[in-house]
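**Q** Build me a model from this:
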Amino acid sequence: MILTGLLIGAALGYVLQRSRFCVTGAFRDIYLSRSTRYFTPFMLAIAIQAVGVAALTSAGVLAPEAAPFAPLAVIGGGLIFGVGIILAGGCATGTYYRAGEGLIGSWVALVFYALFAAVMKFGPLGGFTEAARARTVGQATIQETLGVSVWVPTVIFSGLVTALVVWQVRRNAARTGGRSSIALPARRTGLGHYLADIPWSPWVGGVLLGLIAIIAWVASTAAGRNGGLGITTPSAKIVTFLTTGDVTLVDWSVMLVLGILLGSVLAAKLSGEFRWRVPDAGTILRSAGGGVAMGVGAALAGGCTIGNSLVETSLFSYQGWVSLVAIMLGTWGAAWVVLVRPQKTAASRPAPVLTPAA
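**A** Purely as a prediction, here's the structure:
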């Protein structure tokens, strides 16, 4: 059954690569360009998963358990993770699928992310992480606090997302005026043209991400793991397996993240977008630092932009939604320091005065 993790991961990697769907861009662009091009589809993915998980839970197929809320660890970890994804140039899943495209900088970020996630979860700092996450408060979910069915926040949130989607679609239509983008000549015909030639819109990415997340819940549960999509813990398990040889660590979730790499490589190869690219030394150092911050932050927060911002939010857990806000704030702060401030500093410098030669 754990091989279903590999198949679902491959589908996820393919979708992420073809739609260029990265949560880092979704959060960053709200601040930098006031754009919700990827943020709204990401909210749509959460809503689709929330409805699916609630329905399957009501039918007795699933029995999800929301993570307990450890506010200090979640907020601190979320902020650190947000800084890390700006430095690394992508979140956890974004780093996986870009590594599959041949980006060496993403490979560097991925290695340090997995390494420090292992250090924080199973290694020398495991005790610190456990102690930080043991400081929990109150109930774990919004519905528990309100004493209502999970369908109450699910329906309210889905209604808000529907309104947001309608607004975004109308806004996009007003901007384009009905004009279509210029398309390159097709290399393939039929299904292959749609699968590999044309880029997928963020809406396709968001809808498919939500559907894959639902399927992941069912397949993971059938494999004996009560959970949905997850990136950080399986990444840490891979490192720990490579250092200890403990084959029990190779479970459904490990197959999932390996599948993301395979799926993204396949998508990049078919679309002609695979190419080994070596960045400059500064970018490699930033990628390494970003990977470290992602591993530390995700371990403390209990998840990354997938485990928390996509999966836990669909359960309406405090960990999920507080972490999402913290990651966004960390992303915005790092974007100002790394991207905005250097541009402002350069713009404020006086132009050099040229004097004629004697």
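**Q** The closest residue to residue 40 other than its chain neighbours: which element?
**A** Spatial nearest neighbour of residue 40, excluding adjacent residues (CB to CB, 6 or more residues apart in numbering): residue 168 at 4.6 Å. In this view, the C-beta of every residue, glycine as well, is placed from N, C-alpha and C. Assigned by DSSP states H and E, residue 168 belongs to helix 151-176.
**Q** Follow the chain on from that helix and name the next helix or strand.
**A** With DSSP H and E, the next secondary element past helix 151-176 is helix 191-192.
**Q** Touching that next one from outside, list them.
**A** The contact list for helix 191-192 (CB atoms under 8 Å, 6 or more residues apart in numbering) is empty.
**Q** quick one: the helix or strand following that helix to helix 151-176, angle?
**A** Per DSSP H and E, the first helix or strand lying C-terminal to helix 191-192 is helix 202-222. Helix 202-222 runs at 150 degrees relative to helix 151-176, counting by axes from the mean of the first three to the mean of the last three CA atoms, to 10 degrees.
**Q** Please identify the buried residues of the helix or strand just after helix 202-222?
**A** Heading C-terminal from helix 202-222, the first helix or strand you meet, by DSSP H and E, is helix 232-244. By 16 or more other CB atoms under 10 Å, the buried positions in helix 232-244 come out as 232, 233, 234, 235, 236, 237, 238, 239, 240, 241.
**Q** With pLDDT and distance to residue 276 as added columns, please give the residues you listed in JSON lines.
**A** What follows is the buried residues of helix 232-244, written out as JSON lines (pLDDT from 0 to 100; distance: CB to CB, whole Å):
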{"residue": "232", "pLDDT": "97", "distance to residue 276": "26"}
{"residue": "233", "pLDDT": "97", "distance to residue 276": "29"}
{"residue": "234", "pLDDT": "97", "distance to residue 276": "25"}
{"residue": "235", "pLDDT": "97", "distance to residue 276": "22"}
{"residue": "236", "pLDDT": "97", "distance to residue 276": "27"}
{"residue": "237", "pLDDT": "97", "distance to residue 276": "27"}
{"residue": "238", "pLDDT": "97", "distance to residue 276": "22"}
{"residue": "239", "pLDDT": "97", "distance to residue 276": "23"}
{"residue": "240", "pLDDT": "97", "distance to residue 276": "28"}
{"residue": "241", "pLDDT": "97", "distance to residue 276": "26"}
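**Q** which one of the residues you listed sits closest to residue 95?
**A** residue 235 (9.7 Å; CB to CB).
**Q** And for residue 291, the neighbour number?
**A** For residue 291, the count of nearby residues is 29 (other CB atoms under 10 Å).
**Q** Just want the angle from the strand or helix carrying it to helix 232-244.
**A** Per DSSP H and E: residue 291 is located in helix 281-301. Here helix 281-301 points in a direction 110 degrees away from that of helix 232-244 (the same axes, to 10 degrees).
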